[in-house]
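**Student:** Return a 3D structure for these sequence lines:
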Amino acid sequence: MKNGKIIKLGDIKKEVSKLRKKSKKIVFTNGCFDIIHAGHISYLNEAKTLGDVLIVGLNSDKSVRRLKGEGRPVINEQDRAYILANLKPVDYVAVFDEDTPYELIKEIRPDILVKGGDYEGKTIAGSDIVESSGGKTVLINFIEGKSTSNIIDDIKHKV
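**Tutor:** Okay, the predicted model is just below:
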């Protein structure tokens, strides 16, 4: 499954440079996106409205396992990247192995960094980079009750 929107880390800087030459406003968000649900779609749609290009940093399988524990991710990184890349608001997907997208954000230097409302009052990886470059960090509220963990729990209780 190939998709031109899935970009290798080594190519991201070159692609972003082309976008900047066209004066595109770059928005970045990241996450595990293990089981795509309505909350994700709403979040990505809102993130896209903040600029011209939406780049999604996707935690690799190794990264998700470290963050969420054994048994996760449910969907492998190639499939998760393919699904995200085929969603209307998403322009690019870049998979990263670290626990946070800090190094990826350093490469991209987006104009807008987007995280979920659950990060209110918390340190957001890369916000220092974005804000020191004149950009801003925006928090988007989640749809109540919509989460991959809730979906997994529901499945476990139904089986």
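**Student:** Would you mind listing the buried residues in stretch 60-73?
**Tutor:** Of the residues in stretch 60-73, 60-61, 63-64, 68, 72-73 count as buried by neighbour count, 16 or more other CB atoms under 10 Å. All C-beta spots, glycine's among them, are computed from the backbone N, C-alpha and C.
**Student:** Dump these to TSV, plus pLDDT, secondary structure and distance to Arg20.
**Tutor:** Listed next are the buried residues of stretch 60-73 as TSV, based on pLDDT from 0 to 100; DSSP: H, G, I helix; E, B strand; the rest coil; distance: CB to CB, whole Å:
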residue	pLDDT	secondary structure	distance to Arg20
Ser60	97	coil	26
Asp61	97	helix	31
Ser63	96	helix	27
Val64	95	helix	30
Lys68	89	helix	34
Arg72	88	coil	35
Pro73	93	coil	32
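**Student:** Make CSV out of those and add distance to Thr137.
**Tutor:** Shown next, in CSV, are the buried residues of stretch 60-73 (distance: CB to CB, whole Å):
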residue, distance to Thr137
Ser60, 23
Asp61, 27
Ser63, 21
Val64, 23
Lys68, 24
Arg72, 26
Pro73, 26
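**Student:** which one of those residues sits closest to Ser132?
**Tutor:** Taking CB to CB as the measure, Ser63 is the one of the buried residues of stretch 60-73 closest to Ser132, at 25.1 Å.
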